[in-house]
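>>> Requesting a structural model of the entry that follows:
(chains A, B, C and D)
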2 protein chains.
Amino acid sequence: MARGSETRTKILDVAQAAILTKGFDATSIDEIVAAAEITKSGFFYHFRDKNALAHALIERHIEIEDKLFDALFDRARELGDDPLQTMLIGLKLLAELLDMPGGHPGCIVATAAYQDRLFDRKVRDANARAVLGWRRRFRSMLEAIAQVYPMQDDVDLNHLADMVSAVIEGGLIMSRALGESSITSQQVLLMRSYLKILFSPGIQ
Amino acid sequence: MARGSETRTKILDVAQAAILTKGFDATSIDEIVAAAEITKSGFFYHFRDKNALAHALIERHIEIEDKLFDALFDRARELGDDPLQTMLIGLKLLAELLDMPGGHPGCIVATAAYQDRLFDRKVRDANARAVLGWRRRFRSMLEAIAQVYPMQDDVDLNHLADMVSAVIEGGLIMSRALGESSITSQQVLLMRSYLKILFSPGIQ
DNA sequence: TCAATACTGAACCGGAGGTACAGTACCGCA
DNA sequence: TGCGGTACTGTACCTCCGGTTCAGTATTGA
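Have a look, this model is predicted:
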């Protein structure tokens, strides 16, 4: 039991690292196998095919990220005593988290989104679920804010929730394209600025 | 002359369509060759390898998109008589453009960004140039606005310029992941809302 | 009509995903 | 102590794809 799941975890770890830097296709099974110090047969014992690996990777990613976000915004709630403050603090914490040396590795979800046909329905569904999870999370926080503060501009809360994800995903793409690792966290801080002035009452 | 460039264009056209829906790797040369109604040798007559195709695709994409943006913001300048209005109108026109039935196909630049190691330096450089081009474009527009209007929140204009690109790229990812084609244009409209209240003087 | 341009056709290679299956090391349990 | 399941290893093999090579050929402008 323990032995098997250890190997499985090791495969997922090395696969994730490789895929995020090189892309899904560019990462060969032989390569993963070598890095995980197992054989090809060992790989196919744990995963039926490369698609199953992608699926497991996304599922795990969702889970880990969800816990991380939970912890981060729980911490923000501790520090702030009002929905808007909590959100602003949370985004600042998130920006700090994303501003790591070497840059955040990237997002598995985005990788999957741009290599659509490579994956089967299960992978795409898992991907969509992840994005909807983000939407729900931020949406509920925004609703709490909107109940207390008037909006300076009438915008849809679902769209606004999506914007948090969008600037992160977009930021990751741009930071990859330019090799500027700080872009993603800068974009999160701009999202924070938008929410700040969107919900700031009256004059600045 | 005309004959050769026609074939080349046809190759680029079918390749672009396939790559945007399936990803770069998932699109085989054999497939492109079949769709373009030529032979494999014909393909390699025009492009040294798949990398050369990617490079040509990105170069062409930059050129076309640049002209499209030029035209769009020229039109916006005709309609608005002040830098902020021009920007807001431009973003609205952009949102309308992105809100096409079936959804915008996606961005070649993002495709390349997430399949980094697959491409050589020339492709990555072209990709970075495209992103920097967007930054310069939006940066100059924002500077003109900032000279006339005070900012409600002190943010960096480069970052703000990048945010326009980021919400588009992020929006495209999300719309692909969820199959909701309208997301990208919604995100552009939110960016518009941000700029509107960021540069709106005093009370709403 | 000649030579460059723009291809076709066919054969071939290496690497990647994937299959099949026999053998084996470990490990808890009766 | 041994039995059986779990977790692999090793080997051999198949197909498809990107890419190469090269000889041959149709089209076309000077």
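
>>> wait, does the lengthiest helix in chain A contact DNA strand C?
Taking DSSP state H as the assignment, the helix of chain A that covers the most residues is helix A:50-79. Yes. Helix A:50-79 is in contact with DNA strand C by Cβ under 7 Å from any atom of the strand, via A:Lys50, A:Asn51. Glycine gets a C-beta too; all of them are placed from N, C-alpha and C.

>>> who does that helix touch, helix- and strand-wise?
helix A:2-22, helix A:83-98, helix A:108-113, helix A:121-148 (3 or more Cβ pairs under 8 Å, 6 or more residues apart in numbering or on different chains; DSSP states H and E).

>>> the bottom helix or strand of chain A by mean pLDDT?
helix A:108-113 (a mean of 80; mean pLDDT, DSSP states H and E).

>>> any idea how far it is from the chain center?
10 Å (Cα atoms, centre = their mean, to the nearest Å).

>>> Is DNA strand C within reach of it?
No. Contact of helix A:108-113 with DNA strand C is not found when judged by Cβ under 7 Å from any atom of the strand; the minimum separation is 14.2 Å.

>>> Against which helices or strands is that helix packed?
Applying 3+ Cβ pairs under 8 Å, 6+ apart, we find helix A:108-113 packed against helix A:2-22, helix A:50-79, helix A:121-148, helix A:157-178, helix B:157-178.

>>> List of residues touching that helix?
A:16, A:19-20, A:23-24, A:54, A:57-58, A:61, A:119, A:123-124, A:127, A:130-131, A:169, A:172-173, B:110, B:114, B:173-174, B:176-177 (Cβ atoms under 8 Å, 6 or more residues apart in numbering or on different chains).

>>> And for stretch A:138-154?
If you take Cβ under 8 Å, 6+ apart as the criterion, stretch A:138-154 is touched by A:73, A:82-84, A:86-87, A:90, A:157-158, A:160-162, A:164-165, A:195, A:197-201, B:193, B:196-197, B:200, B:204.

>>> Show the buried residues in these.
A:73, A:83-84, A:86-87, A:90, A:157, A:160-162, A:164-165, A:195, A:197-200, B:193, B:196-197, B:200 (16 or more other Cβ atoms under 10 Å in any protein chain shown).

>>> Flag every residue of chain A that's near DNA strand C.
Chain A has residues A:3, A:25, A:27-31, A:40-41, A:44, A:48-51 near DNA strand C, with proximity defined as Cβ under 7 Å from any atom of the strand.

>>> Between all of those residues, which two are at the greatest distance?
A:Arg3 and A:Asp25 (30.5 Å; Cβ to Cβ).

>>> Pick out whichever of these two has more residues nearby.
It is A:Asp25, of A:Arg3 and A:Asp25, that has more neighbours when counted by other Cβ atoms under 10 Å in any protein chain shown, with 16 against 7.

>>> Pop out the phi and psi values for the more buried one.
phi -70, psi -40 (degrees, to the nearest 10).

>>> Could you double-check that it sits in contact with B:Thr27?
No. Contact criterion Cβ atoms under 8 Å: A:Asp25 and B:Thr27 do not qualify, at 10.7 Å.

>>> Find me whatever residue is spatially closest to A:Gly179, sequence neighbours aside.
In space, and not counting its chain neighbours, A:Gly179 is closest to B:Ala128: 7.3 Å by Cβ to Cβ, 6 or more residues apart in numbering or on different chains.

>>> Distance check, that neighbour against A:Ser175.
Relative to A:Ser175, B:Ala128 is positioned 11 Å away (Cβ to Cβ, to the nearest Å).

>>> Between the two, which has more neighbouring residues?
A:Ser175 (25 against 19).

>>> Could you find the closest non-adjacent residue to the more buried one?
A:Ile183 (4.0 Å).

>>> for A:Val188, same thing?
A:Val188 sits nearest to A:Ala95 (Cβ to Cβ, 6+ apart), 4.3 Å away.

>>> so where is chain A shaky, pLDDT-wise?
A:1-4, A:101-103, A:105, A:116-118, A:202-204 (pLDDT under 70).

>>> Quick check: can you list the domain ranges of it?
A:1-47, A:55-198 (automatic domain parsing).

>>> near chain B at all, the first one?
Yes. When contact is scored as Cβ under 8 Å from any Cβ of the partner chain, part of domain A:1-47 falls within range of chain B: A:Thr21, A:Lys22, A:Gly23, A:Phe24, A:Asp25, A:Ala26.

>>> which of these are buried?
A:Lys22, A:Gly23, A:Phe24, A:Asp25, A:Ala26.

>>> number of nearby residues for the closest residue to A:His159 other than its chain neighbours?
In this structure, A:His159 finds its nearest non-sequential neighbour in B:Gln186, 4.6 Å apart by Cβ to Cβ, 6+ apart. The burial count assigned to B:Gln186 is 25, neighbours taken as other Cβ under 10 Å.

>>> follow-up on the earlier one: got the CA positions of the least confident helix or strand of chain A in CSV?
Extracted in CSV, the C-alpha atoms of helix A:108-113 (Å, rounded to 0.1, in the frame of the first residue of the first chain):
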residue,chain,number,x,y,z
ILE,A,108,-1.6,22.7,-15.2
VAL,A,109,-5.1,23.9,-16.1
ALA,A,110,-3.8,26.3,-18.6
THR,A,111,-1.5,23.7,-20.1
ALA,A,112,-4.5,21.4,-20.6
ALA,A,113,-6.7,24.2,-21.9
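
>>> Tally up the residues packed near A:Met191, please.
Using other Cβ under 10 Å, A:Met191 is surrounded by 28 other residues.

>>> surely it meets A:Lys92?
No. A:Met191 lies out of contact with A:Lys92 (Cβ under 8 Å); the separation is 10.8 Å.

>>> The residue nearest the centre of chain A and A:Asn127, how far apart?
When Cα atoms, centre = their mean is applied to chain A, the residue found nearest the centroid is A:Cys107 (5.6 Å). A:Cys107 is 10 Å from A:Asn127, where distance means Cβ to Cβ.
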